[in-house]
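Novice: Sequence unavailable; structure follows:
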């Protein structure tokens, strides 16, 4: 009887898996058609010119101009035009001229590739999470209804795929030809390699991300923790760090033309760290340093960059050392909020990972507030930009107020998720209805 039941369950799971795969392919097809339809319309150039989509570090126009200068043997790093590495420019050129031959197609394929990598990675992660909570008898009775169901992995993976492909932030970034969309492909490759236990893939993808955008270098810590906790392998953790450093060195050697020219360092990493270009964007740096007295600038540059990189790294790594994927998502959120030149694609990527934590949603308290703030700030940003720059009926304070609300919404969201994770871990041990001295106890964030 039990053999027949297990066989039937296996058949049901196989049918469910095939159905999920068909849904994923259908979603990818619809997303591709949607992107291509808008890209070939008059709205593409409008979207591409918005500062929320293209920053000095993610503008395709700058990449095209820099590539042209390279072809004429002119160093594009002599001025303040190009902020991409030589390897990135070479990669874009090869992809565009020898693989895709169409810039729209290139951005669409990389965007869809990002979605599929996240789909495959999340499917495995959610299945392992589901298996970890399979024995419901180990947990308190009042928690069991919140535990993942049998189709948890299939549902979550589809939600993540939909969350990325049809997320307005990711969609606008792809349509506007923001190179951050291609960077996100390697970031998703890093997550894919980490969850599947591939040291080479994860460390290589992270090295590519770190050499282009610098901030992802902090993700080496959750990567090594993941291999230790999930794969019980200190060897993999050490190899990941060694491979990461090795790939960093090799990429830097190539970028410097084998040690002959390091002019790119100032334009790429110097621009990210010292923030010389104060063109308005949806970040927090530009307005602050526009108003800053020059003799205070260095102090606050250090303060802002430390806040983005190492300030939260150690305490979060200690607190969430047993859930390294949660730690990874939290650090991605912090990078999206506090990096010097953020764009919509940054938020679109991390928002698409939230369905992984659908089991935490009942404990989240700020979802409605965050949603409202994001909708209002995202809608008002282009309006206030037009009023400020074109109509001259507003000023920089209006636009910065919107970007400040945009950042606050993200801060509320990440703290809400982390606190819900803490409550989830507590509930699995002690239950949700806990008595303290005979009275109902309440877990709150003080």
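Specialist: Perfect, I can see it now. Small disclaimer: the values here were computed from a predicted structure and weren't measured.

Novice: C-alpha from now on. contacts and neighbour counts both.
Specialist: Will do.

Novice: Mind listing what's buried along the helix or strand containing residue 229?
Specialist: Following DSSP states H and E, one finds residue 229 within helix 220-230. By neighbour count with 16 or more other C-alpha atoms under 10 Å, helix 220-230 contains the buried residues 220-228, 230.

Novice: Format those residues as TSV; extra columns: distance to residue 85.
Specialist: Formatted as TSV, the buried residues of helix 220-230 follow (distance: C-alpha to C-alpha, whole Å):
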residue	distance to residue 85
220	21
221	24
222	25
223	24
224	26
225	29
226	29
227	30
228	33
230	34
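
Novice: Mind checking the pLDDT average for the helix holding residue 229?
Specialist: For helix 220-230, mean pLDDT rounds to 95.

Novice: Just the strands from the stretch 301-446 of the chain, written as ranges.
Specialist: Remark: strands assigned in the stretch 301-446 of the chain by DSSP state E, counting those that start in this stretch are 435-436, 439-440.

Novice: where do the strands sit along the stretch 51-200 of the chain?
Specialist: In the stretch 51-200 of the chain, no segments count as strands under DSSP E, counting those that start in this stretch.

Novice: which residue ranges form the helices in it?
Specialist: 60-71, 86-94, 103-132, 152-165, 168-175, 180-195, 199-213 (DSSP state H, counting those that start in this stretch).

Novice: Can you check which of those helices gets nearest to residue 370?
Specialist: Residue 370 lies closest, by C-alpha to C-alpha, to one member of the helices of the stretch 51-200 of the chain: helix 168-175, at 15.1 Å.

Novice: List the buried residues for the closest one?
Specialist: Applying 16+ other C-alpha under 10 Å to helix 168-175 flags 169-175 as buried.

Novice: try stretch 248-255
Specialist: 248, 251-252, 255.

Novice: ditto for stretch 276-290
Specialist: 277, 280-287, 289.

Novice: Just send the residues you listed back as JSON lines, with distance to residue 264 too.
Specialist: Below are the buried residues of stretch 276-290 laid out as JSON lines (distance: C-alpha to C-alpha, whole Å):
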{"residue": "277", "distance to residue 264": "16"}
{"residue": "280", "distance to residue 264": "23"}
{"residue": "281", "distance to residue 264": "23"}
{"residue": "282", "distance to residue 264": "25"}
{"residue": "283", "distance to residue 264": "24"}
{"residue": "284", "distance to residue 264": "25"}
{"residue": "285", "distance to residue 264": "22"}
{"residue": "286", "distance to residue 264": "22"}
{"residue": "287", "distance to residue 264": "26"}
{"residue": "289", "distance to residue 264": "23"}
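
Novice: Which elements pack onto the helix holding residue 229?
Specialist: Packing contacts for helix 220-230, counted by 3 or more C-alpha pairs under 8 Å, 6 or more residues apart in numbering; DSSP states H and E, involve helix 180-195, helix 234-255, helix 324-338.

Novice: Name the next helix or strand following the longest one along the chain.
Specialist: Following helix 234-255 in sequence order, the next helix or strand is helix 263-265 (DSSP H and E).

Novice: contacting residues around the helix or strand following that following helix?
Specialist: Sequence order places helix 271-274 as the next helix or strand after helix 263-265, per DSSP H and E. Contacts of helix 271-274 with the rest of the structure, by C-alpha atoms under 8 Å, 6 or more residues apart in numbering, involve 83, 213-214, 277, 301, 305, 340-341.

Novice: what's the spacing between helix 271-274 and its chain's center?
Specialist: Remark: helix 271-274 is offset 20 Å from the chain centroid, using C-alpha atoms, centre = their mean, to the nearest Å.
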